[in-house]
Structure formats: structure tokens, C-alpha cells
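Engineer: Below are the sequence and a predicted model; questions follow.
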Amino acid sequence: MNAYAGKVARVNLSRGKITTEKLDSKLARAFIGGRGLASKILSDEVGAAIDPLAAANKLIFSAGPLTGTAAPTGGRWMVVTKGALTDTIASSNAGGDFGPELKYAGYDMVIVEGAAKTPVMLVIDDGALELCPADKLWGQDCHVTEDKLHEQLGSDFKFASIGQAGENLVRFASIMNDKNRAAGRSGVGAVMGSKKLKAIAVRGSGGVTVADPKAFRKTCLDLLATLASVEVTSQGLPRLGTASLMNVVNACGALPTRNFRESQFESAATISGEAIAEKILVRNRACVACPIGCGRVTSVKNGKYGGKGEGPEYEAVWSLGADVGVGDLQAVAKANFICNEMGMDPISAGSTVACAMELFEEGVIGESQTGCNLRFGNAEALVELMSDIGNRRGFGDVLAEGGARMAQKFGRPELFMGSKKQEFPAYDARGAVGMGLQYATSNRGGCHVRGYMTGPELLGGPPALDPRSPKGKAEVNIGLQNVTAALDSAGLCLFSSFALAGTELPDLLRAATGFDYEPAEVVAAGDRIWNLERLFNLGSGYTHKDDTLPKRLLSEPAPGGPAKGMTVPLDQMLPEYYRLRGWDDKGRPTKKKLSELGL
């Protein structure tokens, strides 16, 4: 098969058995690959009501047809499972070298089933697969794990692994690859830990063939030229990384501060992309085939917060900064380094601490429970709690359950700032109401990359929309949700969407795969994936009542800044969203809609 490796590995850890099978070309065309194809397999093979940490859950590592090709930003891959944090279908996206290497080794997908009795790792060496003991690696962080595996297996292997957070079933544990790249959200690392799978090591010497090299090359060059002409991808992201958004979003009055109690942070400039570039940046880092290079290699050389690694990215610098009221860049960077090393999502980690800080300031919990003065702005407590969470030590054991479960435990569920048990990222929807609709309808819980309304509402498009008006938000949300589903499935980075006008992705897929994709078919594939995920979540017990936001965003006006007085008019947007989706008034896909999509 052109663009696809054409082979799937199935690894049953309970039986220690590995088999391989051919990739289904019909399903590949209908679901593209990556997120879509893995979601189809999970939906077919795993009961939606299953406990995410049970052996019956499956963990699917999946590359797209453009992963490992010369397509600009074509280095992305997905982890799909039922999420330990959310109980929804989880699909976490990562960059780096691991995904392309999986294709080079001859596999589009690795389906992990069952659970081992003792720690193991999977070694994939140019098509050969072997399960090996990993007892000596258990308890090590992701950086140490990779270093030791490089010594053991060779410097040309690429790795995906979990750290202590995944081993200890922290509900927002990540799977890390290339040390600092993360399949970060929804608790995929906890699922990997429940299976006692410490790491996957992969080495491949193959390549990826495309059906029409001439047409593929032309489309790649056209896309590169467009990326070079767009300010966000040619200047903002290369120069300042994703944290270039800090001052922009703060100025818009959409920067959640102190657990969303405020919408602007007085110390935003001290933790911004500009501050990172000036004070701790070592160099940029790009993923495979990426002309943007938004990654930041950073180092804090002196003081109690010394360390090195990558980031913090915008979402992390917000969650470990503004959301907890910390304006100390070195402390924020250190907390982020710990998250990467231990393998946990900094968005959920910081946001859960922010929720705990509000509980503390409200007098719901005290130092006898937290072990520290957990008021907003306490940088030392923030850094210490990161290690406590990863090790489930002390109050960290409570925080490791995530904000929704913690707030419920202490009788204040309204202080959890998230949806479907997943913490919101770095945008206050009172200052960008379409983002509120995106949060409420996201299939994996509170999320900014299942649609990316940030572009239209805060970055000038396309299309440019008034961030404080509900008008047109349902239609644009649906379009962006379908497009990002297709991008995730193809193996491209979300940032490529700044250069996509409508035909580039179908042109790339057609030239690469040989399937006669037209734009409408690619959009339909994204729609099909979105509806499939919705069906899985309905089977998990979620209903239209869960397509909502915290009371704070719905009925507590933003206290200041450009969004002062605003709330999210979700009741105006959600019915239109359901109607345009082809769903009934309870948010259920109609038989007509499912028939149109072949579901």
C-alpha cells in the first residue's frame, strides 16, 4: 500500500503473544489512519462501558499515511484508548521521531491488549517484534529510561515510555517519546502503566513510498511556501514558540487566572514567550519534516529550580503559571521539567493544583491535608507537588485523581474547571465564547486542539470571528472539528492548518495513498471520525447533559479586562450545533446521519 506500511502488530501482554495482520485498505480509506482508524478499531473491539484501567481496555499506537513522509509537519502519531482521566474515548497526539520510526520499521499500528504480570517492554527492530523484561527500568523517569535503553539497544532506536506517573496510575499520566514529546492528555500513560508496559523501542531502516511522487512533491513545496508566508508559522512560532500566545491571549482578556477567577494575569509578561527566549532558551527544536520548529530546548542553570529539558509550551506555562498565580519563570520551568520526566500532563497537573488552591483559600481544605500553605502564588509548593503527584505521595495522591474527582471528594464540584472530567486548557471562554462551545462538545473532554477556535477568535482566522459573539460559532466549530480529526488521522500537525485553504490535505492524501480523495470525502472522513467518537462516549454513559461548562463560565461574568461582564452563551450555540451536526435535540446522531457516514 502506498503511504501506509500495510501492517499492524497485535501484542497480547496477558499471553505474551505477538501477531501481525494486514492493514484493511477499505477502513484505511474511510478513516484515513492515525486517530480515525485506531478509534474505529477501539470502538469495534472494546466495550464502551469498560474500566479504562482494566486489562480488557486496549492501547493503540497509530501513525497516519503522511507520518514519516516529506509532507510538511508529517511527523505526528496518535495513542488511542479509553482514557483513565475522562472515561471517554481518548486520542492523544505527539510529534518527535517515534511515529515516523514506527512506519520505517514496517508498521502503521501497534494494538496492545491485556496486561503483563511484571513490567515489560516491546522492542520492534526492522519488523521483528519481541517482548522483553523491564523490571530494572520500572521506577525510572522517562529521561533515565531512554538513556538506559539507548545504552542497551543502540543510539538509533526511538522510544515511547512512561515514567513514575504512568506506573502509579496518575489519571493524567502521559506517554513520552524522544524524552520531551508527549501524548499528553486524557490519561493514556495510566492505561499503559496498568498494562505494565514500560516502553516501546523501535528502529527501522525502511521508508514510505507515495503513489505519485511528482504531484506529492509539488503539493509539499506549495504548502511549504504558504507556511513561510503566514506570520504565525514563519515568525511567531519559530521565534517564540507556542508561548508567544501568552501576551496575546492576556491582552484579549481570555487568559484564565487563579482557577478562572480572573481573565488576565498581572505577571503574564514574566512567563511569556519573550521571557523564555531572553532568560532560559538554549535553542529551537523541530519534529520530523517540520519547517516551523516551535519546540524550545531550555535550561535553568542556577538556584533551587535548576534543570534542563524542553518547554514550557504555552499550555504548560499557563497552567503552571497564571492558573496557579505563579509568575516565577524558573519555578514554572522546573515544574514543567518534572512533568516531562515523570510523564504527566502539565495542563491537568497545574489546573488540578489551581483547583486545590481555591479549595484551600475557601477553607475547604487546610495544611493538615495538603502539608503546605497552598495559597495561589506559592511557587515552592507548586514545584514540590509535581513530584508528589507523580509518586502519589501525601496530598499528591489526591491530586493524582484529577480536578473533577478531587473537587467532588471535597464537596465543591463547581470549582473544577473542565468538562467531561478533563481540565480546560489556557483560554477563558468568557473572552472567546466559541471556545466554550468547543470545550463543551469535545469528545475527549476540555480540549483546545479538537477544533482550535483559537485561530478564528484570537489570532485573526481564518475565518476571523468576533470572540464575544455566538454568531456563526456552531458552524465554524463543526468545520474545524472535522478538519482536525482528518489532520490527526493523516499524521500532520495542527499548525499546518494555518496554511491549508481546503485542497492541500486532499491533494497530499491523493498523491501519497493513490486513493482518489476529493475535498468533500476528506471532510466526510473527519465527520465520520467525530460521530464514531460520539457514539463511543454515549455508550460510556455520557449524555447531552455533559455537553456543558462550569457555572463560573456560564453565570459568573468575567471580572475585568476586555471581556469584563461576559459569560458564555452556551444555550444559544449548543442547539444550533446539534442541528448542524445532524443530531437530535439530545445530542444523539440520527439514523439518517449515521447512514450518510456509513456508520
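Structural biologist: Thanks, I have the structure now. Residues are numbered from 1 along each chain as shown.
Engineer: Could you tell me the end-to-end distance of stretch 221-238?
Structural biologist: 19 Å (CA to CA, to the nearest Å).
Engineer: where does residue 8 land in three-state SS?
Structural biologist: Under the three-state scheme (DSSP: H, G, I helix; E, B strand; the rest coil), the conformation of residue 8 reads as strand.
Engineer: and the gap between it and residue 334?
Structural biologist: Between residue 8 and residue 334 the distance is 40 Å, computed by CB to CB, to the nearest Å. (Each C-beta comes from the backbone N, C-alpha and C, glycine too.)
Engineer: likewise residue 507?
Structural biologist: 44 Å.
Engineer: which of the two has more neighbours?
Structural biologist: Taking other CB atoms under 10 Å, residue 507 and residue 334 do not tie; residue 334 has more neighbours (24 against 21).
Engineer: Could you grab the helix/strand/coil label for that one?
Structural biologist: Here residue 334 is recorded as helix under three-state DSSP.
Engineer: That one: what's it in contact with?
Structural biologist: Applying CB atoms under 8 Å, 6 or more residues apart in numbering, one finds that residue 334 lies in contact with 300, 305-307, 383.
Engineer: In strands only, show me those residues.
Structural biologist: 300, 307 (DSSP state E).
Engineer: What's the separation between the nearest residue to residue 163 once chain neighbours are set aside and residue 11?
Structural biologist: Nearest-residue entry for residue 163: residue 343, 3.4 Å, with adjacent residues in sequence omitted and distances by CB to CB, 6 or more residues apart in numbering. Residue 343 sits 20 Å away from residue 11, going by CB to CB.
Engineer: Between those two, which is the more surrounded one?
Structural biologist: Neighbours per residue, other CB under 10 Å: of residue 343 and residue 11, the larger number sits with residue 343, 30 against 26.
Engineer: can I assume the more buried one is in contact with residue 168?
Structural biologist: No - contact status for residue 343 versus residue 168: not in contact, 10.1 Å apart, counting by CB atoms under 8 Å.
Engineer: Can you work out which residues contact both of the two?
Structural biologist: Contact criterion CB under 8 Å, 6+ apart; residues shared by residue 343 and residue 168: residue 390.
Engineer: after the longest helix along the chain, next one along is what?
Structural biologist: Ranked by number of residues, the top helix in the chain under DSSP state H is helix 519-539. Per DSSP states H and E, the first helix or strand lying C-terminal to helix 519-539 is helix 551-555.
Engineer: ok, residues contacting that next one?
Structural biologist: Applying CB under 8 Å, 6+ apart, the set of residues contacting helix 551-555 from outside is 260-261, 414, 417, 428-430, 436, 548, 567-568, 570.
Engineer: cutoff 7 Å now
Structural biologist: Residues outside helix 551-555 that contact it (CB atoms under 7 Å, 6 or more residues apart in numbering) are 260, 414, 417, 429-430, 436, 567-568, 570.
Engineer: from the chain's centre, how far out does it sit?
Structural biologist: Its chain's average C-alpha position is 25 Å from that of helix 551-555, according to CA atoms, centre = their mean, to the nearest Å.
Engineer: Next: stretch 262-275.
Structural biologist: Centroid displacement of stretch 262-275 relative to its chain, using CA atoms, centre = their mean, is 23 Å.
Engineer: Stretch 235-247 now?
Structural biologist: The offset between the C-alpha centroid of stretch 235-247 and the centroid of the whole chain comes to 19 Å, using CA atoms, centre = their mean.
Engineer: list the buried ones in it?
Structural biologist: Using 16 or more other CB atoms under 10 Å as the test for burial, stretch 235-247 gives 236-238, 240-247.
Engineer: Mind checking which of the residues you listed are in helices?
Structural biologist: Checking the buried residues of stretch 235-247 against DSSP H, those in helices are 237-238, 240, 245-247.
Engineer: Could you list the low-pLDDT ranges of the protein?
Structural biologist: Judged by pLDDT under 70, the chain has no weakly predicted residues.
Engineer: Tell me how it divides into domains.
Structural biologist: The chain breaks down by automatic domain parsing into domains covering 7-203, 242-423, 433-597.
Engineer: Throw the ones you listed into JSON lines and include distance to residue 220, thanks.
Structural biologist: Formatted as JSON lines, the domains of the chain follow (distance: least, CB to CB, whole Å):
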{"stretch": "domain 7-203", "distance to residue 220": "5"}
{"stretch": "domain 242-423", "distance to residue 220": "9"}
{"stretch": "domain 433-597", "distance to residue 220": "7"}
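Engineer: who wins for proximity to residue 230 among the ones you listed?
Structural biologist: domain 433-597 (5.0 Å; CB to CB).
Engineer: how far does the closest one stretch from start to finish?
Structural biologist: The stretch domain 433-597 measures 29 Å between its terminal residues, going by CA to CA.
Engineer: Quick one: the strands in the stretch 401-550 of the chain, in order.
Structural biologist: Listed in chain order, the strands of the stretch 401-550 of the chain (DSSP state E, counting those that start in this stretch) span 418-419, 422-423.
Engineer: do you know which of those lies nearest residue 19?
Structural biologist: Taking CB to CB as the measure, the strands of the stretch 401-550 of the chain were each checked against residue 19, and strand 422-423 came out nearest at 33.5 Å.
Engineer: quick one: strands adjacent to that closest one?
Structural biologist: Strand 422-423 has its sheet partners listed here by DSSP bridges as strand 418-419 (antiparallel).
Engineer: Off-centre distance for the partner strand?
Structural biologist: In terms of CA atoms, centre = their mean, the centre of strand 418-419 is set 15 Å apart from its chain centre.
Engineer: I would like the residues contacting it, please.
Structural biologist: Under the contact criterion CB under 7 Å, 6+ apart, strand 418-419 has outside partners 403-404, 424, 439-440, 442, 445-446, 548-549.
Engineer: rewinding a little: identify each buried residue in the longest helix of the chain, please.
Structural biologist: When burial is assessed from 16+ other CB under 10 Å, helix 519-539 yields the following buried residues: 521-538.
Engineer: Residue 93: neighbour count?
Structural biologist: Residue 93 is surrounded by 23 other residues when neighbours are defined as other CB under 10 Å.
Engineer: Cheers, nothing more for now.
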